[in-house]
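Asks: The following block contains a protein sequence and its predicted model.
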Amino acid sequence: PSSKREGFTSIPNVKWEDIGGLEMLRREFNEYLVKRIKNPDKDKANGLRLETGFLLYGPPGCGKTLIAKAVANEAGANFIHIQGPELKSKYVGESESKARIMFSRARTCAPCILFFDEVDALTTKRGTEGAWVVGGLLNQLLEELDGGDQRKGVYIIGATNRPEIMDQALLRPGRFGKLLYVPLPNQDERVLILKALSKNWRLNANVDLIAIARRCANFSGADLSKLMNEAARVASEENFSEIKHAHIEQELGKLRPTVSDKEKRHY
Ligand code: ATP
């Protein structure tokens, strides 16, 4: 209970309405997770063992973090955001104890969603750290994930751009058992994202978001967000109270998508 007061956890304020596109994922999470968190007794009555761990994968900046937060918001669940690399430590046993603390914190404020960003970083050997450090952390994670009843009310969502480098043991049922792909948006989805982002600003009536979306091939949601931020900055520098189409056009000429055509094939 004290963990709430200390500000470690809270219910995120991201709503599905803030997210453009990704309707499929909204439906899946509603079915697999939100309903269950809201009605835990129904789950028990069914006697079904349903998946409690999810892995969102796909190119950077396409809404994995937003989705996890919107799920928590919708379900009224607490949310703990863990950056994969932050759990790593060069001291023997420290990573393991950090992982234990995260899970126990999640249990005290259940229902809770534990979100592991860059989850691949937890389980692969990188940089100067020895494999033994990561190995210990991986084992600790597996132990926590397999905690059964101990894990009641704690749901896991991981995010990665590189699922192929993750330890396969993590992907089994009960761990990060359900894989969900979060793609780069297509043209129609880019319009939806631009619309969702536009709630933050006043747009002039001459802004044509469909025309903009058409010219943003390969742009991620994060790229589109950057575009709108830049356009808003220019508009305000020029003392306009609203963004005009020309402001967006002008900034569009300066931006390149994060994911190139060549990289796109890897996702
Ligand atoms: P990474 O893999 O780099 O961690 P991610 O997939 O978790 O990225 P988010 O952090 O969810 O991406 O998105 C980054 C920002 O991009 C968001 O804060 C938001 O401004 C914007 N964004 C991304 N996708 C969308 C979307 N579908 N709708 C609206 N905004 C989006």
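Replies: Thanks, I have the structure now. Numbering: from 1, shown residues only.

Asks: got the residues of the chain near the ligand?
Replies: 19-22, 60-66, 117, 159, 161, 193, 196-197, 221-222, 225 (Cβ under 6 Å from any ligand atom). No exception for glycine: its C-beta is placed from N, CA and C like everyone else's.

Asks: Among the residues you listed, which lie within helices?
Replies: Among the residues of the chain next to the ligand, the residues falling in helices (DSSP state H) are 64-66, 193, 196-197, 221-222, 225.

Asks: Pull up the gap between the residue in the stretch 151-267 of the chain positioned nearest to the ligand and residue 227, please.
Replies: Among the residues of the stretch 151-267 of the chain, residue 221 lies closest to the ligand, at 2.1 Å counting by Cβ to the nearest ligand atom. Taking Cβ to Cβ, to the nearest Å as the measure, residue 221 falls 11 Å from residue 227.

Asks: Check residue 207 too.
Replies: Distance, residue 207 to residue 227, using Cβ to Cβ: 12 Å.

Asks: go on, residue 85?
Replies: Counting by Cβ to Cβ, the gap from residue 85 to residue 227 is 28 Å.

Asks: Next up, the contacts around the residue nearest the centre of the chain.
Replies: The centre of the chain sits closest to residue 65, judged by Cα atoms, centre = their mean, with a distance of 1.9 Å. When contacts are counted by Cβ atoms under 8 Å, 6 or more residues apart in numbering, residue 65 touches 81, 115, 117, 159.

Asks: Swap in 10 Å and give it another go.
Replies: Applying Cβ atoms under 10 Å, 6 or more residues apart in numbering to residue 65 gives the contacts 12, 14, 56, 81, 115, 117, 157, 159, 222.

Asks: Can you name the two of those that sit furthest apart?
Replies: Distance extremes for the contacts of residue 65: the farthest pair is 157 and 222 at 18.5 Å, using Cβ to Cβ.

Asks: returning to what we had before: just among the contacts of residue 65, which is most surrounded?
Replies: The most crowded member of those, judged by other Cβ atoms under 10 Å, is residue 157 (28 neighbours).

Asks: Strand partners (parallel or antiparallel) of the strand or helix carrying that residue?
Replies: For residue 157, the host element (DSSP states H and E) is strand 154-160. The pairing partners recorded for strand 154-160 under DSSP bridges are strand 53-57 (parallel), strand 112-117 (parallel).

Asks: now those as TSV including mean pLDDT?
Replies: Formatted as TSV, these follow (pLDDT from 0 to 100):
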stretch	mean pLDDT
strand 53-57	95
strand 112-117	94
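
Asks: Which one of the ones you listed lies nearest to residue 212?
Replies: strand 53-57 (26.6 Å).

Asks: CA atoms of that closest one as CSV?
Replies: As requested, the backbone C-alpha atoms of strand 53-57 are provided in CSV (Å, rounded to 0.1, in the frame of the first residue of the first chain):
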residue,chain,number,x,y,z
GLY,A,53,2.2,-12.1,-20.3
PHE,A,54,2.4,-10.2,-23.6
LEU,A,55,5.2,-9.1,-25.9
LEU,A,56,4.7,-6.1,-28.2
TYR,A,57,7.2,-6.1,-31.0
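
Asks: Now do the helices in this protein.
Replies: 2-5, 23-29, 35-38, 40-46, 64-75, 84-87, 94-108, 131-145, 187-198, 209-214, 221-237, 245-252, 261-264.

Asks: looking at those, which one has the lowest mean pLDDT?
Replies: The weakest mean pLDDT among the helices of the chain belongs to helix 2-5, with a mean of 44.

Asks: which neighbours do residue 221 and residue 227 share?
Replies: 194, 197.

Asks: Going by how many neighbours each has, rank those two and give me the top one.
Replies: Ranked by neighbour count (other Cβ under 10 Å), residue 221 and residue 227 place residue 221 first, with 27 against 20.
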